[in-house]
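> Kindly return the folded structure for what I paste below:
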Amino acid sequence: MTVSFLIAGVQKAGTTALYSFLARHSQLFLPPQKEVHFFDSEKVNWAAPQYDVYERFFAARTAGQLAGEATPIYTYWTPAPARIARYNPDMKLIVCLRDPVVRAYSHWEMEVSRGYDRLPFHRAIREGRQRIPVHPNTVEGCHRVFSYVERGFYAPQIERLLEHFPAENILFLDSARLRHAHAETLAAVCDFLGVARFGQPPEPAMIRPTKKRQDLGPMRTEDQQYLADLYRDDSAETQSITGLDLSGWLSVR
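Residues are numbered from 1 along each chain as shown. Now for the predicted structure:
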């Protein structure tokens, strides 16, 4: 048994909702644990990985079902694409993208609400970027918590995926369409995976924001502008690579 598809990115871009929708499809099997975190683990011996450990998550799959999972750090974690390709060079990858300015704030809200960060947002996206260290459970330039800004530079992440997989094996989605063009987006995902379309798509009401502290307030205009300026060139390149219409991104409200 080989895992056939991954919701491989990006964090805070609707991957939980998409995972929940696809888990309801009779021709697909996704494990009860959404994020398996196999290909981003630095505890695995990658010289001789034990894939049977990974595939135990899919032991309940029935005959004929395609196995897949959703771990949205895979696109960001630099060694992960090569590891995935070594496991299954024909893997299909779904990459949900979100306006990186909004994504960064949502990421920060989540980490502060969890108690993993105490810096205010305006500092976290400026001098706070210096907190991305190298230690035994990470890789250079990556951080699981403090990567509010770094995860939003999508173009180099996408180019890394394309080094290991043909373009036809990657489906890029703008997460806004998962909400606003729900049935159409799910139909595109089903077509990409080669399974029947939903007769009755799961309700988009399942898309719910992450629980967060109520006292964090909205993002400041100056922080929106700061991030929009940082991301402008990358977002243009991302649009060019993916073919998505991302003209609605980076607007300062």
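> Provide a list of residues in contact with L162.
Contact analysis of L162 by Cβ atoms under 8 Å, 6 or more residues apart in numbering lists 170, 241. (Glycine included, C-beta is placed from N, CA and C.)
> how about it, secondary structure?
Under DSSP: H, G, I helix; E, B strand; the rest coil, L162 falls in the helix class.
> In terms of pLDDT, where does it sit?
Note for L162: predicted pLDDT of 98.
> same thing with T238?
Among the per-residue scores, T238 shows a pLDDT of 98.
> same question, the one 10 residues further on
As summarised for this prediction, G248 has a pLDDT of 92.
> Please apply the same query to V252.
At V252, the model reports a pLDDT of 69.
> Tell me, how many residues neighbour M1?
Using other Cβ atoms under 10 Å, M1 has 12 other residues around it.
> Does it touch Y54 like I think?
No - assessed by Cβ atoms under 8 Å, M1 is found out of contact with Y54, at 10.4 Å.
> What lies in contact with stretch 188-204?
By Cβ under 8 Å, 6+ apart, the list of residues contacting stretch 188-204 from outside reads 4-5, 18, 20-22, 24-25, 27-28, 66, 68, 92, 94, 171, 173, 178-179, 182-183, 186-187.
> same thing but at 6 Å, please
5, 21, 24, 27, 171, 179, 182-183, 186-187 (Cβ atoms under 6 Å, 6 or more residues apart in numbering).
> Show the average pLDDT along that stretch.
The average pLDDT for stretch 188-204 rounds to 90.
> Skip the chain neighbours and tell me the closest residue to F58.
Excluding its sequence neighbours, the residue lying closest to F58 (Cβ to Cβ, 6 or more residues apart in numbering) is A67, at 4.4 Å.
> That neighbour reaches T2, doesn't it?
No - A67 lies out of contact with T2 (Cβ atoms under 6 Å); the separation is 7.6 Å.
> higher neighbour count, the two?
Using other Cβ under 10 Å, the more surrounded residue of A67 and T2 is A67, with 19 against 12.
> what kind of secondary structure is that one in?
Under three-state DSSP, A67 falls in the strand class.
> Just want to check the distance between the residue nearest to F58 and R56.
Distance of A67 to R56, given as Cβ to Cβ, to the nearest Å: 12 Å.
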